[in-house]
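Novice: Provided below for reference: sequence and predicted model.
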Amino acid sequence: MRGRGRFRTAVATVTAALLCGGLLSGCTAGAPAAKAPSARPVPKPAPLWDVSPASVAAVGDSVTRAFDACSVLSDCPEVSWATGTDTAVNSLALRLLGPEKVATRSWNLARTGARMAELPEQMAGAAAEKPELVTVMMGANDACRATPDLMTPVADFRASFESALARLRAGAPKAQVYVASVPDLKHLWSTGRVSPMGRKVWKLGICGAMLADAEDLGPAAERRRAAVRDRVVAYNEVLEQVCAKDARCRYDGGAVFGFRFGGGQLSPWDWFHPSKDGQARLAELAYRRITKE
């Protein structure tokens, strides 16, 4: 019996040692277990996207230059959706910077008639200004050629856009980029073709691939317009994909492509470019996307 008592005592001692030394580490004889230190809150990293940039550079084509918005066959940058000073349009720069800073903190480097191949040079010019935000609206002229076979190949379009972002990053690595989708040119045709003035102006050669023979609804004309629209869709896919690889780039999600321009948003001189009201709508679309938290 005495041997059994010693055995039970030994077992109890070993069990206590295992519990304190292994399963319940931190046990000390005669003292309560120490409390684990409380975890300190980990600060959240600052977001890469700033919803209130303090300077804006705009690159692109005739839309950003507000071509035909004020008078026939001329640029009207004061009503540009991106950097204009006209309060009726309330441009992106006016909304972000206020009227007192637009003249000194925004730059419109777009050129009427420009295609994507020109964007790298425009981006280099934008980078030299060290802007906090660069807006891009480019691609309509790549599809708006005399005939569909002259449209910019998608691979070339991609290469130029990638090169443009690389040129910007070389000179302004922290600049944010807003990329607008290419407008739906077929919708512009369907809206403007009801205007006798529009059809007359289109015969001068504007965007022939889409607008030529505006009243022709035959199979060949429909195939031609469908080919142009398909190319615009492909361009927008490129813009979205390339932008997604850059942490400081925001694509508009197809907002401009999906916007249904009505007669009031189109130029009364060519029924194709945005009017002042159309420019205001573009400014609103951009502002919503850029300021979204």
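Specialist: The structure has been received and is ready for your questions.
Novice: going forward, measure contacts and count neighbours with C-alpha atoms only.
Specialist: Fine.
Novice: For this protein, which element, helix or strand, carries the lowest mean pLDDT?
Specialist: helix 2-18 (a mean of 42; mean pLDDT, DSSP states H and E).
Novice: Wait, a strand at residue 284?
Specialist: No - Residue 284: not assigned to a strand; according to DSSP: H, G, I helix; E, B strand; the rest coil it is helix.
Novice: and it, what pLDDT?
Specialist: Per-residue pLDDT puts residue 284 at 98.
Novice: That one: what's its closest spatial neighbour, skipping adjacent residues?
Specialist: The shortest distance from residue 284 to any non-neighbouring residue, by Cα to Cα, 6 or more residues apart in numbering, is to residue 92 (7.4 Å).
Novice: coming back round to it: and the next helix or strand past the least confident helix or strand of the chain?
Specialist: Counting by DSSP states H and E, the next helix or strand C-terminal to helix 2-18 is strand 56-60.
Novice: Where is the longest helix in this protein?
Specialist: Longest helix in the chain, counting residues (DSSP state H): helix 219-244.
Novice: In that helix, which residues are buried?
Specialist: Neighbour-count burial for helix 219-244, counted by 16 or more other Cα atoms under 10 Å, picks out 221, 224-225, 227-229, 231-240, 242-243.
Novice: repeat for stretch 143-151
Specialist: Buried-residue list, stretch 143-151, by 16+ other Cα under 10 Å: 143, 144, 145, 146, 148, 151.
Novice: picking that back up, for residue 223, see how far away the residue nearest to residue 284 is.
Specialist: Relative to residue 223, residue 92 is positioned 37 Å away (Cα to Cα, to the nearest Å).
Novice: Next: residue 88.
Specialist: Taking Cα to Cα, one finds residue 88 at 39 Å from residue 223.
Novice: Over to residue 288?
Specialist: 35 Å.
Novice: how about low-confidence regions in the stretch 151-293 of the chain?
Specialist: Nowhere does the stretch 151-293 of the chain drop to pLDDT under 70.
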